[in-house]
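*Asks:* Can you look at this prediction? I've put the sequence above it.
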Amino acid sequence: MITLLYRDIEMTKRRDIPEYMNWQAMKSRCYAKSMSKGSHQRRGIKVCDRWLYSFDNFLQDMGPKPSKEYTLDRIDNNGNYEPNNCRWATRQEQADNKSSNKMYTYKGETLNLTQLGEKYGINPNTLLYRIRDQKLSIKEAIEIPNRYKSYEYEGKFYSGDELSELFGIPKKNIYDRIAKGWSMERIKSTKVKSKN
């Protein structure tokens with residue numbers, strides 16, 4: 001039994017045990033008076049009775065951390081700290097599991113932008129730009145055949161650079177007008193105001 005390894009350690013020395021520090025931090029997030037406005041308390045997240053007063057039970061259920069890079073993570077971010085809802089996870093796994101992450105479904109799989117970027121070899125910031133600024137669907141953002149978005153004009157596809165050269169309009173103006181939803185004809189025919 002894992003807890004037997006720690007049973008003879010004086011309480012003052014338990015602070016040197018990483019799992020003990022995680023156990024204390026878990027309770028603090030849920031109950032410390034100094035954190036009375038913390039998100040765990042606002043959301044009603046609690047520590048199960050089995051773990052609340054027993055480090056031995058916590059360690060028995062969780063086991064030792066795989067390495068110092070791992071921290072305590074709740075699988076369901078809205079769930080309590082309890083054996084069936086906790087795991088040792090890396091910081092990246094925890095970041096991927098944040099409740100604030102926006103999730104996207106592509107090819108039947110629901111992932112966040114970091115996970116999608118990793119899976120399809122696209123920088124997550126590029127995906128975010130394509131979705132937020134270029135107003136593309138997640139499918140379009142992932143499936144763009146090259147690094148830059150192509151725009152259709154008279155049956156052909158052009159990059160922003162190519163449209164800028166074709167229309168004689170600075171690229172920044174091209175992108176601003178596309179973001180505003182202008183048609184290609186309107187983009188081409190509207191003169192750029194000069195700064196005098």
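*Replies:* Structure received.
*Asks:* Show me where the chain has its strands.
*Replies:* 70-74, 86-90, 104-106, 109-111, 151-153, 156-158 (DSSP state E).
*Asks:* mind checking which of those strands is nearest residue 186?
*Replies:* Of all these, strand 151-153 sits nearest to residue 186, with 11.7 Å by C-beta to C-beta. In this view, the C-beta of every residue, glycine as well, is placed from N, C-alpha and C.
*Asks:* List the contacts of the closest one.
*Replies:* 157-160, 163, 166, 178, 184, 188 (C-beta atoms under 8 Å, 6 or more residues apart in numbering).
*Asks:* Reformat those residues into a markdown table and put pLDDT next to each item.
*Replies:* As requested, the contacts of strand 151-153 are exported to a markdown table (pLDDT from 0 to 100):
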| residue | pLDDT |
| --- | --- |
| 157 | 74 |
| 158 | 81 |
| 159 | 78 |
| 160 | 80 |
| 163 | 88 |
| 166 | 91 |
| 178 | 80 |
| 184 | 91 |
| 188 | 91 |
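*Asks:* got any ranges where the protein has weak pLDDT?
*Replies:* Under the criterion pLDDT under 70, the flagged ranges of the chain are 1-15, 33-38, 95-101, 145-149, 195-196.
*Asks:* okay, now the domains of it?
*Replies:* For the chain, automatic domain parsing gives the domain ranges 4-95, 104-143, 151-189.
*Asks:* okay if I get those domains as CSV plus mean neighbour count?
*Replies:* Below are the domains of the chain laid out as CSV (neighbours: other C-beta atoms under 10 Å):
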stretch, mean neighbour count
domain 4-95, 14
domain 104-143, 15
domain 151-189, 14
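*Asks:* Dump the strands of the chain to a markdown table, plus distance to residue 44.
*Replies:* A markdown table is the format used below for the strands of the chain (distance: least, C-beta to C-beta, whole Å):
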| stretch | distance to residue 44 |
| --- | --- |
| strand 70-74 | 13 |
| strand 86-90 | 17 |
| strand 104-106 | 28 |
| strand 109-111 | 25 |
| strand 151-153 | 49 |
| strand 156-158 | 52 |
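*Asks:* Compare these and give me the one nearest residue 51.
*Replies:* Of all the strands of the chain, strand 86-90 sits nearest to residue 51, with 8.8 Å by C-beta to C-beta.
*Asks:* Out of the contacts of strand 151-153, flag the one nearest to residue 74.
*Replies:* Distances from residue 74 to these, taken by C-beta to C-beta, are shortest for residue 178, at 41.8 Å.
*Asks:* residue contacts, the closest one?
*Replies:* Counted by C-beta under 8 Å, 6+ apart, residue 178 has contacts 134, 151, 160, 187.
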